[in-house]
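1. predicted model, plus sequence, below.
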Amino acid sequence: TRAIVLKTVITGLVTVLIAMAVLSAVFRRFFFKPIEELAASARSLAAGHPWSVTDVSKRRDKLGALARDLGNAAAIIDNTQARLRATNQNLEDQVAERTRKLANALEAQKMLVREAHHRVKNNLGIITALLNFQKDSLPDPLFIDALSTIEGRVNSILLIHNQLYRTENMESIDAAVYLK
């Protein structure tokens, strides 16, 4: 009787061990392995690689649904990233085009300022020459002195204009030196 009880206990223990091994294999195959596969795919996706859980996503249970949903989310993310890259490239192209246009407009503006400066300088030079010519033809020293004063003022304007043209900051020009 003792041998039968011992045999029954050992048989029961072996049966429990076998059942645990079978359950462990079943859990491993149908539960842990798919979850590990999902986790590995999620890590791969986070690293920038495409979503790839084909075995798990074919399942008809909750894990399969989760894998399919994650695959759909990954596809949406990929599509959104592609659209963002295209939009970013488009914006960078627009910025480059506008920068080029602004540089061209700035260069045109600089050329116009140089041309205006040249014309103002030439016109003031002509006024000075005309005043000198007029002074030479006047006999009265009072008129000559008046024309010399006007010529000095025109020269002051010319000097101030040249200083304005050469300065970066047009807010602070010391005109007092030229107006004395």
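-> Arrived safely, thanks for sending. Residues are numbered from 1 along each chain as shown.
2. just how off-centre is the longest helix anywhere in the chain within its chain?
-> Across the chain, the helix with the greatest residue count (assigned by DSSP state H) is helix 62-136. Helix 62-136 sits 14 Å away from the centroid of its parent chain (CA atoms, centre = their mean, to the nearest Å).
3. give the residue spans of the protein that score low on pLDDT.
-> Flagging of the chain using pLDDT under 70 yields the residue ranges 51-57, 170-175, 177-180.
4. pick out the residue closest to the middle of it.
-> residue 92 (7.1 Å; CA atoms, centre = their mean).
5. before we move on, the earlier item: list the helices and strands the longest helix of the chain packs on?
-> helix 33-46, helix 54-57, helix 141-166 (3 or more CB pairs under 8 Å, 6 or more residues apart in numbering; DSSP states H and E). In short, each C-beta sits where N, CA and C put it, glycine included.
6. mind giving me JSON lines with those and columns for distance to residue 6 and mean neighbour count?
-> Converted to JSON lines, those look like this (distance: least, CB to CB, whole Å; neighbours: other CB atoms under 10 Å):
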{"stretch": "helix 33-46", "distance to residue 6": "38", "mean neighbour count": "14"}
{"stretch": "helix 54-57", "distance to residue 6": "46", "mean neighbour count": "16"}
{"stretch": "helix 141-166", "distance to residue 6": "114", "mean neighbour count": "14"}
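7. dump those helices into JSON lines; add distance to residue 67 as well.
-> Below are the helices and strands packed on helix 62-136 laid out as JSON lines (distance: least, CB to CB, whole Å):
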{"stretch": "helix 33-46", "distance to residue 67": "6"}
{"stretch": "helix 54-57", "distance to residue 67": "4"}
{"stretch": "helix 141-166", "distance to residue 67": "73"}
